[in-house]
Structure formats: C-alpha cells, structure tokens
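**Student:** Here is a sequence with its predicted model. Questions after.
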2 protein chains.
Amino acid sequence: MRCISSSEPGYDVTSPDAVYNFAAGPGMMPHEVLLQVREELLDGQRSGMSVMEMPFAGEAFQAIQQQAQQDLRELLGVPADYRILFLQGGASAQFALLPMNLLPAGAKADYLDTGHWSRKAIAEGGRYVRINVAASGEAHGYRRIPAQTDWRLDPEAGYCHITSNETADGLAYHWLPNTGMVPLVADMTSDFLSRPLAVERFGVIYAGAQKNIGPAGLTIIIIRDDLLRRARPETPSVFNYRVQAESNGRVNTPLTHAIYIAGLVFRWLKRQGGLSAMAERNRRKSARLYDAIDGSGFYACHPRAMDRSPMNACFHLADDALTGKFLQSASAQGLLNLQGHPATGGVRASLYNAMPEAGVDALIAFMQAFALRHA
Amino acid sequence: MRCISSSEPGYDVTSPDAVYNFAAGPGMMPHEVLLQVREELLDGQRSGMSVMEMPFAGEAFQAIQQQAQQDLRELLGVPADYRILFLQGGASAQFALLPMNLLPAGAKADYLDTGHWSRKAIAEGGRYVRINVAASGEAHGYRRIPAQTDWRLDPEAGYCHITSNETADGLAYHWLPNTGMVPLVADMTSDFLSRPLAVERFGVIYAGAQKNIGPAGLTIIIIRDDLLRRARPETPSVFNYRVQAESNGRVNTPLTHAIYIAGLVFRWLKRQGGLSAMAERNRRKSARLYDAIDGSGFYACHPRAMDRSPMNACFHLADDALTGKFLQSASAQGLLNLQGHPATGGVRASLYNAMPEAGVDALIAFMQAFALRHA
C-alpha cells in the first residue's frame, strides 16, 4: 500500500506485503528517503563506498554532516546563538545527561508532569537535581495539559522541563509556556519537525530521531550558547555539550549512517514545503482521524480535544473486549502496530511526517467497517 | 574493484568508481552484507517495513536482536556467566562509563599505556578513578607492547585495562595478560572478532562497532555477571550495565538498524568459517603486507615485528616527502583512505575482516610500482 512512483527506475517495490506502519517509534520513514538510502547503499556520493564505510573525519562524511546541520538550521530557523549537536543514546539518555550538563548537584529544576514520558524524565532527572513538579495531569488521569496559570514554578529552579508531545498518552502542547528568564527545556522526541517552532523561546530542545528524523539512536540537541558551560565535572566527555560543540562532534565517532539518513529526511522535508506545509498536512491527518473517532459512538478518545496530539492519536474501543480483534484485523489488512502503549492500552495511531494521508484514510475506512461489523 | 557476483540478480553495482577502502574506522563492510542490507531495505524479514521502521519492542525486531546475540555468543564462545549488551556511544563513551560502572569514586585501577587509544582511555578514565600506569611504551616511542614481566601492577587496583589493538600505532597484543583475581578489562574496538578469544580470561570486553562489527555507534559490552552490580549512583540508567542487562536492552530504544546489520555480519562470519578462519585469513593478509614492507627498502614499519597489528599496518616511506604523492596516487587507483592517523602520520592500511585478500594484493602491487618509480 506504499505509494510507489512508477517513474522510479530499476526497482519493483510494489509488494502485496507492503504496509502502513503506525508504530510509535521507531516509526515509518519517508518512502522516498528509503529509496535513496537503498540506491546509494553501495556507493554514497559517488565515493565507491557506502556512507556507512566512510571515515567520519574525512571530507566526504564531513560534507554530509555539515549539510545536514545546515538544512536542519534552515528548516527550524535555528538562531545563530544556538548550537546543533548530533549525539547518541536517545532521549532516555538525556533524562540524565541534561541535568548533568545544566546544573550542579543539589540544584533545583521545574518539571511538568503531563504523562508517561514526563514521568520517566522526572524519575531519572530526580537522581541529579531536586525536582519541583510545577503541575501534574495525574489528578485528571492525564486527560489534559495543565494550563500555565495552574503551574507553581519554583523561583530557584535552574530550568523548566516539558515534554512537548506525550507519545503514550496522546497529549501535546498547542501553546508555548512562558518561563521568563528561566530556560525552557523540552523533550521534543515525538513531535520534532512536525510543525514550525520558535526555537528562541527555548534554552534546550532535545529529541531522539526514531519518530520524525531518522534511525533510532541519533539524538539531536539544540542549545543556546550561554548554557554550554555548566556541565558537572563527572559528565562523560562524549556527552558534554560544550566539549561536543567545540569539537564539532569529533570527540567520538558519530552515528555516521544515521546522520546521513537524517540529512536525507531534512531535504525531503524541504521538498515537501518545509515545516509549515508539514504542520498543515499533519493537522489534516489528525483532524480527520479524531473526527472519525468522535463521530463514531464506537471509538473514544481519552484526552480532551484541545490538548490532543497531532502525532499520536490514542483511543479506545467503547467495548474494550474487542480491542484484540481490532488490532488483529487491522494487522491482517496491512495497518500495522496500532496497539497502545503497554502503560495505557487501547489503540494508538502514530501519524508522523512520513505517514501519508492515504494511510490515515485507509485506517479510517477500516475503523468504520470494523465498527459496522461489531456495532 | 569490489568483487561483484555476476549472479546477483537485478543489480548492476560494477562501477568504475568502486574501491578498496583501507579506512581505520568506520571501515569497509563485507560486500555480501551490504548487498543484503540493500535487498531488505524496504522490506525486512517480509514485514513490509524496513528494519529501521520496526518498533523495537515488537516480535520482529526482538527476534533479530536475540538472533544477533546468540550468533555473537556462538562465534566468540561467550560463557554462560557473561552478558552481552548492545549499547551506544562507542568506546570513547566507555572510557568514562566503564569506571563509573565498575568502581566507586577514589578507587584505583591499572591501565597499560601502549599508544594513542590507551592514552585516550587513561585521560578520560583518570577523571573517575586513580590510575596506575602499570607500564608504558612511551619511552620506546610506542614500538612495542611492554612485556608483562615489566608491568608494575597496583595490588589495590580494582581492574586492569588494556587496549588489545592500537589502531593509530599499529600495535597489538599477541598474548593474554594474566592479572590473577583482578578483572582484566579490554578495549577491543579494532580487533574484536578478528580472531578467536578466550573470553573467560576477561572481566569486561568492550568494542565500538565501526571496524569489524557494523555501523558506528553500536557498542558491544561483554561482562562477567559478578561485575554487574558495582555502578555508581550517578551512572545514567541507560548506561548502567546492570540495568541494561536486567531489562534485556529495553531501557531505551536501541540502535535497531545497526544491531540488525551487526547480526548480518555475525552470520557472514559464520559462513566464512568462524573466527579461526578469519584469524588465518587476517594473518595471511597482514603477513603478506608486512613482508612487502620489510623487503622493500623503500617502506618501513615503526613497531617491532612481534607486536605488529594484524588489523592496522602502520608504515612510513623512507623519504617522508613522498607520502603525499603516495596517498594521492593510491587514491587515484581506488586504494582509499590510506593516510596514517593525524597523531602519527605516515601510511596506515587497515585490514579488517571485510578487506578481501585481493585488496591487499592490489595495495602491494601499487606499493611496488610506486617504489620502482620513485626509488
């Protein structure tokens, strides 16, 4: 069911096994990007080598990395006083490395508790800093993002941490918090590059790549220059933001092949019209799916409408006993990996940038047919 | 110059630009493995997805990861009381994470200084433990591996760290140190899987993937069970050996695509006859090259014969002024990335598992012709 361009020379990839992959992460990649990776797999940039085989300090790979950085900077409009780092370990590593890089032991930080992944950030971050949970959605069963008027910020906090999109709970911020002089820090793993972003409103943005960027492992840090010099002495050098920024990522061998693929994704995004165009497409996709859910009487969405995630639509069947059958039937029709996060259950359809509108339409058609059959 | 099987269906990869890649890392990958990665890039394991797109906790990827672990265990003969971890960050990250995982602050450890990479391990490790340099090759200009009779081990050391192959200096251990009850710890990044290994003689073995295993970033840890429970409280959870071992690598999203490719390499190694066969082939390759160097009167090897690395042949031209021309001419003939490490200069030919004997023969033929022209 992948959309194959018939003008693609030399490849027959139309297979009855092709699928729409709604996995939350690693998730679906743009088909054009995978085609290009395949095309260049034995000969990247006419080097006679796979990009995987290129020495990372050599000209060929350095050019790839610089281009990827520059394209990302353009896409997001990253201001000149921010650095872009390509690190490793995913967002979960940053749950520890971020406080190690930003604050001394015993310092305080604000964290917003909006669901599964902010709880993870709080649990790990709490081993490094004294955390003030400025507001929590727990009392409301994580149905909404607490309004900023309800936040109790600690005047001594060294930063304020949010999770811009809750992958497991299906919630997202549709507004930007204002934390004054206190640096706003965001885990954007699951909505990075899904919409335009006012980078200058943040101190640090971090994101694992495996949703909207590229292969798992690659971890992007965007950090304001003045926050680079605060790392604790015990921070491992390869995870020290300043050391990495000053060496231009040469402290250790970077994730060369993943950076190359991320670079192809950045260029693909530019060809799609950039982040405004992606935001519009993502809005259409999720609106169509949420409308189908709300209008069904058969499916129901837990998060309140104004806080729903455009990336991860989390919903339940009114009759939960049918969930297993729903997932099985969907899978048999090539609509894969729709199971909810183990912590929340139900159904989750991840609609990252690479998911075409046709995939959402196929899902909605399946949902309507399933509802008719089991109503 | 890659060896292309003409029976390979549907692909024409014979290109005048194809090359032998002597890079020290990331280095050459087995051609068969790259062909398989390409073949499966849009449809891994008949899933309709690229392996890159598979959710890491799903059955399909978990099967890939388990198979890779099992194949590695068989290849190396890893005993049952050792765990295999697939982490991230490369060996340079382990320079810090290893002492964090093994010893409390202020504890002591022995390190052997045999060249560029052990100096790196010592510089970073020294931020976490009190290091006793048990022996150093520095006084002899890193021409040899100090014999164990010359080591001064600290009776209070918590472990003893060696670098089994010095990638930049062209040195390797051709014998196993005996450190009694003190765990022997080895950075094997550049000779892992190049020969059989008595794993039971080590407490911890670690290796970055980008030489003999797979794509850069993937980091393999093999650790004896009794060493798993010593991590400092400030060790980030995703880099805590015990936490990773107990969660079977599910603490954070692993490097799924790199693990898949490493698994293909392990199977390729089995098809080659396993590590004994690789060791024999690697011995032939390096012996042929070192013989050509020693017999030339035009090229010279710095390390003494008995300590030379089978993986990284480091040599100089007797007339150093010709080095630039040598590298340029080699490159023009498709013999790429032969420049020595910036710290040592000269020429370096990396002869990892994936380098075919024909590549070494092509290099030797070029060297002889170059010597004739410039003698």
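**Tutor:** Yep, that arrived.
**Student:** Residue A:325: what secondary structure?
**Tutor:** helix (DSSP: H, G, I helix; E, B strand; the rest coil).
**Student:** Who are the contact partners of it?
**Tutor:** residue A:374 (C-beta atoms under 8 Å, 6 or more residues apart in numbering or on different chains). Where C-beta positions appear, they are placed from N, C-alpha and C, glycine not excepted.
**Student:** try residue A:276
**Tutor:** residue A:196.
**Student:** cool, and residue A:227?
**Tutor:** Contacts of residue A:227 (C-beta under 8 Å, 6+ apart): A:102, A:183, A:203, A:204, A:241.
**Student:** of all the residues you listed, which two lie farthest apart?
**Tutor:** Largest separation among the contacts of residue A:227 by C-beta to C-beta: A:183 and A:241, giving 12.8 Å.
**Student:** what packs against the helix or strand where residue A:98 lies?
**Tutor:** Residue A:98 belongs to helix A:90-102 when assigned by DSSP states H and E. Applying 3 or more C-beta pairs under 8 Å, 6 or more residues apart in numbering or on different chains; DSSP states H and E, one finds that helix A:90-102 contacts helix A:116-125, strand A:184-187, strand A:204-208, strand A:218-224.
**Student:** could the ones you listed go into CSV alongside distance to chain B?
**Tutor:** What follows is the helices and strands packed on helix A:90-102, written out as CSV (distance: least, C-beta to the nearest C-beta, whole Å):
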stretch, distance to chain B
helix A:116-125, 6
strand A:184-187, 13
strand A:204-208, 6
strand A:218-224, 8
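**Student:** Any chance of CSV for the ones you listed, columns mean neighbour count?
**Tutor:** Output for those, formatted as CSV (neighbours: other C-beta atoms under 10 Å in any protein chain shown):
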stretch, mean neighbour count
helix A:116-125, 21
strand A:184-187, 25
strand A:204-208, 25
strand A:218-224, 24
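**Student:** of residue A:183 and residue A:241, who's got more company?
**Tutor:** Set side by side, residue A:183 and residue A:241 show more neighbours around residue A:241, with 24 against 20, by other C-beta atoms under 10 Å in any protein chain shown.
**Student:** Give the rounded mean pLDDT of the helix ranked longest in chain A.
**Tutor:** Of all segments of type helix in chain A, defined using DSSP state H, the longest is helix A:274-294. If you average the pLDDT over helix A:274-294, you get 98.
**Student:** and it, how far out from the chain's middle?
**Tutor:** 16 Å (C-alpha atoms, centre = their mean, to the nearest Å).
**Student:** buried stuff in it?
**Tutor:** Residues of helix A:274-294 classed as buried by neighbour count (16 or more other C-beta atoms under 10 Å in any protein chain shown): A:274-275, A:278-279, A:281-282, A:285-286, A:288-290, A:292-293.
**Student:** need the contact list for residue A:307.
**Tutor:** Residue A:307 neighbours (C-beta under 8 Å, 6+ apart): A:143, A:144, A:145, A:171, A:172, A:173, A:174.
**Student:** Keep only those of the residues you listed that are in strands.
**Tutor:** A:171, A:172 (DSSP state E).
**Student:** top of the contacts of residue A:307 by neighbour count?
**Tutor:** Going by other C-beta under 10 Å, residue A:171 tops the contacts of residue A:307 with 29 neighbours.
**Student:** my guess is it meets residue A:308, correct?
**Tutor:** Yes - contact criterion C-beta atoms under 8 Å: residue A:171 and residue A:308 qualify, at 7.0 Å.
**Student:** follow-up on the earlier one: as CSV, the contacts of residue A:307 with pLDDT would be great.
**Tutor:** Listed next are the contacts of residue A:307 as CSV, based on pLDDT from 0 to 100:
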residue, pLDDT
A:143, 96
A:144, 97
A:145, 98
A:171, 98
A:172, 98
A:173, 98
A:174, 98
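**Student:** Can you redo the buried residues of helix A:274-294 as a markdown table, where the extra columns are distance to residue B:33?
**Tutor:** Below are the buried residues of helix A:274-294 laid out as a markdown table (distance: C-beta to C-beta, whole Å):
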| residue | distance to residue B:33 |
| --- | --- |
| A:274 | 36 |
| A:275 | 36 |
| A:278 | 34 |
| A:279 | 39 |
| A:281 | 37 |
| A:282 | 36 |
| A:285 | 37 |
| A:286 | 39 |
| A:288 | 42 |
| A:289 | 40 |
| A:290 | 44 |
| A:292 | 44 |
| A:293 | 44 |
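**Student:** Fine, thanks again, bye for now.
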